[in-house]
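*Asks:* Predicted model and sequence follow; I will ask about them next.
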Number of protein chains: 2
Amino acid sequence: MGLRERQKRARREALIDAAHRLVDRDGLDGVTVEAICADAGVSTRTFFNYFESKDDAVLGMAPLRLDPEVAEAFATGGPTGVLATDLESLARSILASPLLDRGRMAAAAELARREPRLLVRHVTWLEQYRVELEGLLGRRLVGDSRHLVEVAGMTLMILVRAAMQRWESAGGQGEVADHLTAVNADLRLLLGAGPEPADPAG
Amino acid sequence: MGLRERQKRARREALIDAAHRLVDRDGLDGVTVEAICADAGVSTRTFFNYFESKDDAVLGMAPLRLDPEVAEAFATGGPTGVLATDLESLARSILASPLLDRGRMAAAAELARREPRLLVRHVTWLEQYRVELEGLLGRRLVGDSRHLVEVAGMTLMILVRAAMQRWESAGGQGEVADHLTAVNADLRLLLGAGPEPADPAG
DNA sequence: CGCAAAGTTGCACACGATGTAAAGTTGCGC
DNA sequence: GCGCAACTTTACATCGTGTGCAACTTTGCG
């Protein structure tokens, strides 16, 4: 990895850390982008080359992309053929490529608990991601109604979001994806649905 | 209803209509709050006495409150006792008190299709509403895990949101709530769940 | 070493959003 | 009707976010 790339990563992390430190001390609205930049040692203009907004820096957001192989497998009916199971599997892939390391992710989650606006921002991010994924879901559910695709996208959001909540409330240990089966179970419980259908492929 | 109240309503609607007209013509980012105010004939400062942001004016947002009787009934196990059914029923109550008349609501939905940011804002609004409702859900699900309550809140969001999408895609005719059963059915289909459990109370 | 690409920086600027205090309306008791 | 009290709008000042642009600096590479 070249120097340029390392510097970029370092700056990005410096900005995130500065944001965490200052927001923790002064609250989200008590901190200006300018202050974060002073702390991180870059110009304000540079800040906006890295993040779209102050909130994004705290959450460490970056454009998220899904493994093309996983996407293709899902779109063509895989990996098991059972929609509910495959949705969970897709959520697992999403959660497998975290934008932040464990420590910073936990810090961001902690701050998000104290600053509701950050939670809202997080939902916004998921929402944009959902729109992107709708193409994928549409391919998988070709022949079904457009509305089913929308519901599938929203359900996927629930899986990801609820799993992250559980991970954080469990102390930020282990893998986020490990909470997915519990979320799925709760969802079924809620709807009075029976246990998950068996895998027809074996 | 006194003059003061009527004027307030008229100003609010004038602002919404001006926002719709201008955003339709110039796009969301091509319109300034100042322009909307000029069109509606009020000062910019007044605008922010009515709406928190430009986007809110287009969506005609206002603090939403649920009928206390409905809330109480839900919290204490009603109306049917079947959670899935009662969630749908709760969603029906939410959708029964629209913030806008049919025409303006359709206009807002139309603009939201063209301006993704408005969709995101709408989700944000639902999200804040979800947080408020979590107290209610917590009472109903006392004894269950906090996580189940969270999933229930998110599911409720899906019901409301998907129903609105269907209403709009059906041409904005009839009642939004009429699409709820279809959403519920899709959700069950998605999870491979069977038909809705019967009402134990009858 | 020297060029090209990438990235940072300062500057200017538009707009969103809020606090404050003054001016203007409305509601209401009399 | 009168006049006071409550409420709203309004103008003004101000701060912070976010972006376009052009100049400068640094890195990658032959």
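*Replies:* Noted; the coordinates are in hand.

*Asks:* For chain B, what's its nearest residue on chain A.
*Replies:* Residue of chain A nearest chain B, by C-beta to the nearest C-beta: A:Ala193 (3.0 Å). To be clear about C-beta, it is placed using only N, CA and C from the backbone, and glycine gets the same treatment.

*Asks:* Wondering if stretch A:105-118 reaches chain B at all.
*Replies:* Yes - judged by C-beta under 8 Å from any C-beta of the partner chain, stretch A:105-118 and chain B are in contact via A:Pro116.

*Asks:* Please report the number of neighbouring residues for the residue of chain A closest to chain B.
*Replies:* Using other C-beta atoms under 10 Å in any protein chain shown, A:Ala193 has 22 neighbouring residues.

*Asks:* Who are the contact partners of it?
*Replies:* By C-beta atoms under 8 Å, 6 or more residues apart in numbering or on different chains, the residues touching A:Ala193 are B:Arg188, B:Leu191, B:Gly192, B:Ala193, B:Gly194.

*Asks:* Distance of it relative to A:Asp86?
*Replies:* Distance check for A:Ala193 against A:Asp86: by C-beta to C-beta, to the nearest Å, it reads 16 Å.

*Asks:* can you check A:His147 too?
*Replies:* A:His147 sits at a distance of 19 Å from A:Asp86 (criterion: C-beta to C-beta).

*Asks:* neighbours of A:Ala73, just the number please.
*Replies:* Neighbour count for A:Ala73, taken as other C-beta under 10 Å: 17.

*Asks:* Check the gap between the closest residue to it other than its chain neighbours and A:Glu69 for me.
*Replies:* Using C-beta to C-beta, 6 or more residues apart in numbering or on different chains and skipping the chain neighbours, the partner closest in space to A:Ala73 is A:Pro79 (5.6 Å). As for A:Pro79, its distance to A:Glu69 is 11 Å (criterion: C-beta to C-beta).

*Asks:* Between these two, point out the one with more neighbours.
*Replies:* Neighbours around A:Pro79 and A:Glu69, counted as other C-beta under 10 Å, are more numerous at A:Pro79. The numbers are 15 against 9.

*Asks:* next one: phi and psi at the more buried one?
*Replies:* phi -80, psi -20 (degrees, to the nearest 10).

*Asks:* Give the residue spans of chain A that score low on pLDDT.
*Replies:* A:194-202 (pLDDT under 70).

*Asks:* Which residue ranges of it form helices?
*Replies:* For chain A, the helices defined by DSSP state H occupy A:3-26, A:33-40, A:44-50, A:54-59, A:68-75, A:83-96, A:102-114, A:116-140, A:146-169, A:180-191.
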